[in-house]
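S.K.: coordinates only, sequence not included:
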C-alpha cells in the first residue's frame, strides 16, 4: 500500500463522503495491511491460483469479509469454489458452516445481471449495514443460490470447430472407402456376366462378399441410380414439401427450340464414380445439399426484391406500393434509418433529429409497423418481407409479427361484419383522456386498400374473443414469410450496430429461434448471415 493512503482517506472523510472505497492493485500472498484501513474487506481472485495447497498461503482468506472468485466461466471454476470454501472453513475452524453461509461467491463481472455478482453485492451491502449502525438498510432480495454460467461456447465445446472438421474428414474418408468398394463390386459384376463356369461362381461369391461390406445407403445408390436419372429425364417431377406433393416441369424450352433440363443428370458409368458423386454432391434437395435444400426452385414468383426505406412509415409504404404495382408477388425489402438501427426513438436531440428517416425508414412502435406494411396481405404466400436490421432485430421482428397478426384480426372483423362493433369499442377506448386514435398520417397511396389500419393504437386481443385471437395468431405465425438479418456476430466484427452485449444478443437470437420452433414459424427466418459485410471489413472468405 502507498504511504499516502491514510492521508487520502482522511481527506475523503473530511470532504463528507459517507462510503469510501479503497482498492489495491494487487497484493502478495501474505500482504494483509489493507485490512487495517477498512471496516469491510473484499478479496477478489480468479480460479487460476494453481494447486489447492496454494490457498493456505493466501492470508486474505483469513481476514476478508467476502471473497469473490471472478471469471467464474473459466474451466475448473466450480472446483475452485469448492476448494476456497473448504479453505475458508479450515481457517476459521467452521467446519459445520453450510455452503450458502460461507461468503465465497463465483462471479462473472462481465456478465449483465450475473447472479454471483448480485449475491456478492448483497453480502457486502449487509456487512456494511452491520458496521454502519443502521445508516444503511440490508438488501432484501431473493436471487438464485448458484451462479448461472452463460457462455457463448460452453467449455466442453470449445473444440467444436475441430470436431466439425474431424467429422467432415471422417465423412470424406468413409465416402472414398464406399466408392472404392462400389468400384470393385461393379467390376466383379461386369466380369461375372461375361463368364461361365467355375470362374463365374468364384467371382459372384467375391461380389456378394464385397456387397455385404457396403453400407445400406451405398447399396441404395447403386440399385436406384438408373431410376433416379429417369425421373429427372421425364417431363414432370413430383416431390414432397411439408407433406404436400409438388409437381414441376423438368425441362425448359429455349427461344431456339432446344429442350434444356433444369437439373442435368451426371453421365457416370462407373459404380465407384456414382457413389462418390452422390456422397459428395448429389442432386438438389438431397444430402449433402450442395445444390440447395429443395429439388427444384420455386415457380410462380419472380425473385424481384422491392427495396425501400426513407422518411416515415407512410412515405416508405407509398414507395412499396409504387415499386410493387402490377407484380404478382410482393417481396418487400426494408431499410431502416440509423436511429432505428441503434434502438433509439425519434427525438429533438440534435444527434437524433437530423438522422430521422435518413437512408432508411423510421420505425419505433407497432403502429409504425402497421402503417409501413398497410395494404399488403402479410399472411399471403405471395408476400414476403425482408428487414435489414441487427441490434434491435428482436424488437422489430416483434413489431412486424404483431402487425401481421392484427392485420389478420382486421380481416376477420370485416369478414364477420363486426366492423361497427369494433369501431364502437375503439371510440370508447380512445376517449378524451387517452386522446384520439392514431391514424395513417398521410394520403393513402394508390394500391393501398387500408388493410392493417383499423386497429391502430390497439391490438386484436383487446377487441376479439381470446380463442379467436389465439387461432388467428397461430395461423398467421405459421403463414407469414420473410427474413430478418439479426447477424450480431457480423455487427460485432464489421459494422458495429451493437446495442447489447454480444453474449446477450446471441442468447436473444437463440430465444427468438426457440419461439419460432415452438410456434411453428417455418416461413420466416430468424437470422440471415451476411458474410459479405465482414468481407467488406477486410476478412477473408
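M.R.: Here it is on my side, so go on. In this text the structure is predicted, and so the values were computed from the model without any measurement. Numbering: from 1, shown residues only.

S.K.: Just the endpoints, please. Distance across stretch 241-254?
M.R.: 28 Å (CA to CA, to the nearest Å).

S.K.: Contacts for it next, please.
M.R.: Defining contact as CB atoms under 8 Å, 6 or more residues apart in numbering, one finds that stretch 241-254 is touched by 232-240, 259-263, 294, 296, 299, 522. The C-beta positions use only the backbone N, C-alpha and C, and glycine is treated the same way.

S.K.: Among those residues, name the ones in helices.
M.R.: If you go by DSSP state H, these have 232, 233 in helices.

S.K.: What subset of the contacts of stretch 241-254 is buried?
M.R.: 232, 237, 263, 296 (16 or more other CB atoms under 10 Å).

S.K.: residues in contact with the first one?
M.R.: Contacts of residue 232 were listed using CB under 8 Å, 6+ apart, and they are 250, 261, 263, 265, 283.

S.K.: Save those residues as TSV, and put in pLDDT and distance to residue 11 too.
M.R.: As requested, the contacts of residue 232 are exported to TSV (pLDDT from 0 to 100; distance: CB to CB, whole Å):
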residue	pLDDT	distance to residue 11
250	93	87
261	94	87
263	94	82
265	93	87
283	95	80
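
S.K.: if we take those, which one ends up nearest to residue 449?
M.R.: Of all the contacts of residue 232, residue 250 has the smallest distance to residue 449: 39.0 Å, by CB to CB.

S.K.: give me phi/psi at the closest one?
M.R.: Main-chain dihedrals, residue 250, degrees, to the nearest 10: phi -100, psi -10.

S.K.: how close does it sit to residue 80?
M.R.: Applying CB to CB, to the nearest Å, the value for residue 250 to residue 80 is 64 Å.

S.K.: higher neighbour count, the two?
M.R.: Shown here are residue 250 and residue 80; by other CB atoms under 10 Å, residue 80 has more neighbours (22 against 17).

S.K.: where does that one fall, helix, sheet strand or coil?
M.R.: With DSSP: H, G, I helix; E, B strand; the rest coil as the basis, residue 80 sits in helix.

S.K.: In this structure it contacts residue 70, no?
M.R.: No: the pair residue 80 and residue 70 fails to qualify as a contact (CB atoms under 8 Å) at a distance of 10.5 Å.

S.K.: Okay, and the nearest residue to residue 378 once chain neighbours are set aside sits in which element?
M.R.: Spatially, and ignoring its direct neighbours in sequence, residue 378 is nearest to residue 404 (4.0 Å; CB to CB, 6 or more residues apart in numbering). Under the criterion of DSSP states H and E, residue 404 resides in helix 393-415.

S.K.: Also residue 207?
M.R.: helix 198-213.

S.K.: Which residues belonging to that helix are considered buried?
M.R.: By neighbour count with 16+ other CB under 10 Å, helix 198-213 contains the buried residues 203, 204, 207, 210, 211.

S.K.: And stretch 191-198, by the same measure?
M.R.: Buried residues in stretch 191-198, counted by 16+ other CB under 10 Å: residue 192.

S.K.: Strands of the chain, residue ranges please.
M.R.: Ranges of strands in the chain, per DSSP state E, are 42-45, 66-69, 104-106, 236-241, 244-249, 251-253, 259-261, 306-308, 330-335, 383-388, 482-484, 524-525.

S.K.: Need the ones you listed in TSV (columns: distance to residue 164).
M.R.: Compiled in TSV, these are given as follows (distance: least, CB to CB, whole Å):
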stretch	distance to residue 164
strand 42-45	36
strand 66-69	33
strand 104-106	31
strand 236-241	28
strand 244-249	32
strand 251-253	38
strand 259-261	34
strand 306-308	35
strand 330-335	32
strand 383-388	29
strand 482-484	25
strand 524-525	22
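
S.K.: For the residue lying farthest from the centre of the chain, give its distance to residue 184.
M.R.: What lies farthest from the middle of the chain is residue 197; by CA atoms, centre = their mean that is 65.5 Å. To residue 184, residue 197 is 22 Å away according to CB to CB.

S.K.: just residue 112 next, same as before
M.R.: 60 Å.

S.K.: now residue 233
M.R.: Using CB to CB, one gets 29 Å for the distance from residue 233 to residue 184.

S.K.: Same check on residue 282?
M.R.: Counting by CB to CB, the gap between residue 282 and residue 184 amounts to 22 Å.

S.K.: do residue 178 as well
M.R.: In terms of CB to CB, residue 178 sits 11 Å off from residue 184.

S.K.: pretty sure residue 527 contacts residue 513?
M.R.: Yes: between residue 527 and residue 513 there is a contact under CB under 8 Å: 7.4 Å.

S.K.: Can you give me the first-to-last residue distance of stretch 430-449?
M.R.: Distance across stretch 430-449, first residue to last, is 24 Å (CA to CA).

S.K.: Contacts made by stretch 531-540 with the rest, please.
M.R.: Under the contact criterion CB under 8 Å, 6+ apart, stretch 531-540 has outside partners 487, 490, 493, 494, 495, 541.

S.K.: Can you mark which positions in that stretch are buried?
M.R.: Neighbour counts over stretch 531-540 (16+ other CB under 10 Å) mark 533, 534 as buried.

S.K.: What part of this structure, helix or strand, is modelled with the least confidence?
M.R.: For the chain, the helix or strand with the lowest mean confidence is helix 531-536, at a mean of 75 (criterion: mean pLDDT, DSSP states H and E).
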